[in-house]
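K.L.:
one predicted model, sequence on top.
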Amino acid sequence: MTSFKQKATKGMLWSAVDKFAVQAGQFVIGIVLARILIPEDFGLIGMLSIFIAISQVFINSGMGSGLIQQQNRTNDDFSTVFVFNLFVSVVFYVVLFFTSPFIATFYSQPLLTPLTRILGLNLIINSLAIVQRSRITIALDFKAFAKVNVIGVVIGGTSGIIAATNGLGVWSLVIQTLIGSSANVASLWYFSRWKPSLKFNTESFKALFGYGSKLLISGIYAQILQNIYNITIGKVYPAAELGYYTRAKQFSDISAGTVTNILQQVSFPILSSVQHDKTRLVSIYSRMLRMAAFFIFPAMTLIALLAEPLVLLLLTEKWAALIPLLQWMVFARIFYPISVINMNILNAVGRSDLYLKVDLSKLPLTVIALIITIPLGVKAMIIGHLATSVISFFINAYLPGKLFGYGAFKQIKDFIPTIVATVFMAAAVLLLTTRVESDIVHLAIGSIAGVFIYLLLCYFLKVDELQEVRNLFERLFFRK
């Protein structure tokens, strides 16, 4: 029988394969679309992000996470969640359909009315696979996720590129989203092998919604925080400025988003399964934090150092205004994966109430930062976001420190070898690329030298995560 450790390890590795493959695919597709389309096209879609995101949170309502956290699940539980998700998705689509003219008026962009009505169909499409996604997560079958997500990215991306080359403009982004989601949902149904009975059990709903309701409120709040910059920039500045901002966020998510998605997808079911064994729980939790720092600190630093040749080479001069935004954005997102794990451990032990309280406590920070920086421009807003993300790291780590004895300062102490290796790597890359004029040579030297120097420094500093990564890949590729 496969041991829990082997299953968790395989799950982590397949989740990594999944996320990196998907991010690579989305990155390439994003570059192709950015070269064909204009910043305003991305800005228009960015204006709708908060309305779609909040609707999606209501549809899930935290009950998908409730299924994962719950130890004794029945088929009634799964069917109840499916029926509820589908019903709420239809309700929210109808709401979006009839409120779309008001959204268009708010932004003074008439095109947003039909865009909202068509893009909103994605809510119903995605609701059809929330339970299937939860079942695959419970089984730690991240190999299936890898197949599903790659299929969705390839089919959706190809559709979007074909539409863009045929002059459909912003509608190519809508087509990419809808077709990609449809392919993703169809694949999840195939791999899950679960079919709903359309039975709604009141007792199951009460139990799951009791846990999920806190996550629902927290999820709404989190989406407002994540998208409040989109709303503000879209309202105050031209659509092109929001286009630059959304592209900066996408580039920063090449590393931060990938690592966060891997850890969020894997850490919750793994930590939930050992929630009653505190020693084991803390051991896994601390290792995940160190592993996140091992990958994210050097990756984000390299992106900041190589932002100029990266943007000019891949996206051309029309996106040059993106460069300074990207350099600040990567550091604003650097603590995000760490914070996700610090918050996930609260959900894993059934304390969604604490998760909600911690999340709500950060709202004043964001509001103050926005009030100060909105008049100063988009770059200033991102710098303000950096300041709030650093403070939020300490807030997010406070309760895990109280409950499990592994708070912010102990975490930072464990990160020191990784931080030292990252700082020396950055200095070396700056020295090697200072007088390089060619963008492609600059990018090649900086990335190759950066990775090599960082790994070499980790070896000499005896960073445990380097050996752990090596062991993980040996288990996946060289051992049965």
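P.N.:
Structure's in. What do you need? Residues are numbered from 1 along each chain as shown.
K.L.:
could you pull up the contacting residues of Met291?
P.N.:
Residues near Met291 by CB atoms under 8 Å, 6 or more residues apart in numbering: Glu465, Glu468, Val469. Every residue, glycine included, has its C-beta placed from N, CA and C.
K.L.:
and those residues, which are buried?
P.N.:
Glu465, Val469 (16 or more other CB atoms under 10 Å).
K.L.:
so which of the contacts of Met291 are in helices?
P.N.:
Judged by DSSP state H, the contacts of Met291 include Glu465, Glu468, Val469 as members of helices.
K.L.:
surely the first one meets Thr418?
P.N.:
Yes. Shown here, Glu465 and Thr418 form a contact pair, counting by CB atoms under 8 Å, at 7.3 Å.
K.L.:
overlap of the contact sets of these two?
P.N.:
Common contacts of Glu465 and Thr418 (CB under 8 Å, 6+ apart): Arg290, Phe294, Cys458.
K.L.:
look at the first one and report its pLDDT.
P.N.:
Read that as Arg290. For Arg290, the pLDDT comes out at 86.
K.L.:
do the second one as well
P.N.:
Predicted confidence (pLDDT) for Phe294: 89.
K.L.:
element containing it?
P.N.:
Secondary structure from DSSP states H and E places Phe294 in helix 278-305.
K.L.:
so for that helix, what gets flagged as buried?
P.N.:
Under the neighbour-count criterion of 16+ other CB under 10 Å, helix 278-305 has 281-282, 284-286, 288-305 buried.
K.L.:
ok, now which ones touch the closest residue to Lys249 other than its chain neighbours?
P.N.:
Leaving aside its chain neighbours, Lys249 sits nearest to Met329 (6.2 Å; criterion: CB to CB, 6 or more residues apart in numbering). Each residue near Met329 by CB under 8 Å, 6+ apart is listed here: Ala248, Lys249, Phe251, Ser252, Ile382, His385.
K.L.:
how about 10 Å then?
P.N.:
The neighbourhood of Met329, defined by CB atoms under 10 Å, 6 or more residues apart in numbering, consists of 245, 247-253, 256, 300, 303-304, 307, 322, 379, 382-383, 385-386.
K.L.:
only the buried subset of these, as a ChimeraX command please.
P.N.:
With 16+ other CB under 10 Å as the criterion, this ChimeraX line picks the buried residues out of the contacts of Met329:
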select :245,247,248,249,250,251,252,253,256,300,303,304,307,322,379,382,383,385,386
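K.L.:
let's see which of the contacts of Met329 end up in helices.
P.N.:
245, 247-252, 256, 300, 303-304, 307, 322, 379, 382-383, 385-386.
K.L.:
what's the burial count for the closest residue to Leu461 other than its chain neighbours?
P.N.:
Sequence neighbours aside, Pro417 is the residue nearest to Leu461 in space, at 4.7 Å (criterion: CB to CB, 6+ apart). Pro417 has 20 neighbours, counted by other CB atoms under 10 Å.
K.L.:
what's downstream of the helix or strand harbouring Pro417, the next helix or strand?
P.N.:
Assessed by DSSP H and E, Pro417 sits inside helix 408-433. Next in sequence after helix 408-433, counting helices and strands by DSSP H and E, comes helix 439-460.
K.L.:
I'd like to know how many residues surround Tyr190.
P.N.:
Tyr190 has 13 neighbours, counted by other CB under 10 Å.
K.L.:
any idea which element it lies in?
P.N.:
Here Tyr190, judged by DSSP H and E, is contained in helix 171-192.
K.L.:
buried ones in that helix?
P.N.:
Using 16+ other CB under 10 Å as the burial criterion, the residues of helix 171-192 that qualify are 171-188, 191-192.
K.L.:
same deal with stretch 435-452?
P.N.:
Neighbour-count burial for stretch 435-452 flags Asp439, His442, Leu443, Ile445, Gly446, Ser447, Ala449, Gly450 (criterion: 16+ other CB under 10 Å).
K.L.:
so the first one sits against Leu315, correct?
P.N.:
No. In this structure, Asp439 is not within contact of Leu315 by CB atoms under 10 Å, at 11.3 Å.
K.L.:
so, low pLDDT: which residues of the stretch 51-200 of the chain?
P.N.:
Where the stretch 51-200 of the chain drops to pLDDT under 70, the residues are 56, 58-66, 68-71, 140-141.
K.L.:
that one: strands as residue ranges?
P.N.:
Taking DSSP state E, counting those that start in this stretch as the criterion, the stretch 51-200 of the chain carries no strands.
K.L.:
quick one: the helices in it, in order.
P.N.:
Ranges of helices in the stretch 51-200 of the chain, per DSSP state H, counting those that start in this stretch, are 63-69, 75-107, 112-119, 121-127, 130-138, 142-165, 171-192.
K.L.:
and the fourth one, what does it pack against?
P.N.:
Pointing back at helix 121-127 there. Counting contacts by 3 or more CB pairs under 10 Å, 6 or more residues apart in numbering; DSSP states H and E, helix 121-127 is packed against helix 39-60, helix 75-107, helix 171-192.
K.L.:
go again with 6 Å.
P.N.:
helix 75-107, helix 171-192 (3 or more CB pairs under 6 Å, 6 or more residues apart in numbering; DSSP states H and E).
K.L.:
now swap in the longest one and tell me
P.N.:
With contacts defined as 3+ CB pairs under 6 Å, 6+ apart, the secondary structure elements packing on helix 75-107 are helix 39-60, helix 112-119, helix 121-127, helix 130-138, helix 202-236.
K.L.:
would you turn those helices into a markdown table with mean neighbour count?
P.N.:
Listed next are the helices and strands packed on helix 75-107 as a markdown table, based on neighbours: other CB atoms under 10 Å:
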| stretch | mean neighbour count |
| --- | --- |
| helix 39-60 | 21 |
| helix 112-119 | 19 |
| helix 121-127 | 21 |
| helix 130-138 | 23 |
| helix 202-236 | 19 |
